[in-house]
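Asks: A predicted structure for the sequence below; I have some questions about it.
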Amino acid sequence: MKAARWYNKKDVRVEEIETPETLGATEVKLAVKYAGICGSDLHEYLGGPIFIPTEQEHPYSHRKAPITMGHEYCGEVVAVGDQVTNLVPGDRVVVEPILTADGQLVGQYNIDPNLGFIGLAGDGGFAEFSVVEACNCHKLPDGVDFQQGALTEPAAVALYAVRQSKFRVGDSAVVFGAGPIGLLIIDALNAAGATEIYAVEVSPERQELARELGAIAIDPTAEDAVAKIQELTNGGADISFEVTGVPKVLAQSLEALKNDGECIVVSIWETEASFHPNELVIKEKTMKGIIAYRHIFPDVLKLMTQGYFSKDKLVTKVIKLDDIVEEGFEALVKEKSQIKILVSPE
């Protein structure tokens, strides 16, 4: 089968590999339909390895580079292991791509010390077929098609970020970065009952998408974003979400808060970032990091049936697997108008 495999920074190759045929007792085989290119994938392409093991095999997947990438994906079940009772061939599923030691998504599995992801630390969905543990599969509801289903994973990051914050109905929020995750956070805040949402973004196209989702867009190249937010909110927002991974933005995400406000750091970072500790201490602000998600995919899928996290607003291009480097990774680097690019193996 055809697969896109990470060998090294700026070295992703589409090549023929063996189609997986042997299933463990608790595994399922999927015919992949669509897989999204994530910001984490782009980080691995431009500056990796970050999550991809290169020297030693990951303890759960027993894999190291080269790795078949792709962790935002869905497909159709084509075969199941002997002990799988909750899925049958023909089921439409989305993959929750966190690797576990025992094939069970229980407890705080997203902060396991050996945290790894299918598609980063184990072979994933930029391929024609994928074999995963049955526990990693969630059935797609009627009315949620495969393209919409491919947005479940990034939407889970967004919904989890909002839920892990101290956000309350009626609060104001500012999202720094209106890329895919930032836009999904805006929609998650809509679902949670935010009264005012501000989006700080340099791209005019992404500013417009933020406005379509109900946010007030602020261009930091045209005005002082922190001062503008403090003016519009009479002192600062209740919650901020840092979704850029740009070092100077971390400090801005703190400064845009009211006293006792909270900053949620969502980005995966390639470099260090600094801020003045007194911004936390003297104003009793808090900063909290989140990684991925846990126990939230079913709720994301329910919200999708209600129209949230719509593919119509977020999917900007669908490409073939053969074109993933130039039309996928490189396009995301060069074209800020791109939001979510889906890859089809067919």
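Replies: On my side now, so go ahead.

Asks: Tell me the secondary structure at Ile181.
Replies: helix (DSSP: H, G, I helix; E, B strand; the rest coil).

Asks: what pLDDT does it get?
Replies: Note for Ile181: predicted pLDDT of 96.

Asks: and the nearest residue to it once chain neighbours are set aside, how far is that from Tyr308?
Replies: Spatial nearest neighbour of Ile181, chain neighbours left out: Val243 (5.1 Å); criterion: C-beta to C-beta, 6 or more residues apart in numbering. C-beta coordinates here come from the backbone N, C-alpha and C atoms, glycine included. Computed as C-beta to C-beta, to the nearest Å, the Val243 to Tyr308 distance reads 18 Å.

Asks: and the residue nearest to Ile181, how many neighbours does it have?
Replies: 30 (other C-beta atoms under 10 Å).

Asks: does it really touch Gly177, like I thought?
Replies: Yes - the pair Val243 / Gly177 is scored as a contact, 3.8 Å apart, by C-beta atoms under 8 Å.

Asks: Next, show the common contact partners of these two.
Replies: Common contacts of Val243 and Gly177 (C-beta atoms under 8 Å, 6 or more residues apart in numbering): Ser267.

Asks: where does the stretch 201-346 of the chain dip in pLDDT?
Replies: Filtered on pLDDT under 70, the stretch 201-346 of the chain yields no residues whatsoever.

Asks: would you list every one of the helices in it?
Replies: 204-212, 225-232, 247-255, 278-281, 297-305, 311-314, 330-334 (DSSP state H, counting those that start in this stretch).

Asks: on contacts alone, who are the packing partners of the fourth one?
Replies: Counting contacts by 3 or more C-beta pairs under 8 Å, 6 or more residues apart in numbering; DSSP states H and E, helix 278-281 packs against helix 247-255.

Asks: Quick test: name the residue nearest the centre of this protein.
Replies: Residue closest to the mean C-alpha point of the chain, counted by C-alpha atoms, centre = their mean, is Pro154 at 3.2 Å.

Asks: List the buried residues of the helix or strand where it lies.
Replies: Applying DSSP states H and E as the criterion places Pro154 in helix 152-164. By 16 or more other C-beta atoms under 10 Å, the buried positions in helix 152-164 come out as Thr152, Glu153, Pro154, Ala155, Ala156, Val157, Ala158, Leu159, Tyr160, Ala161, Val162, Gln164.
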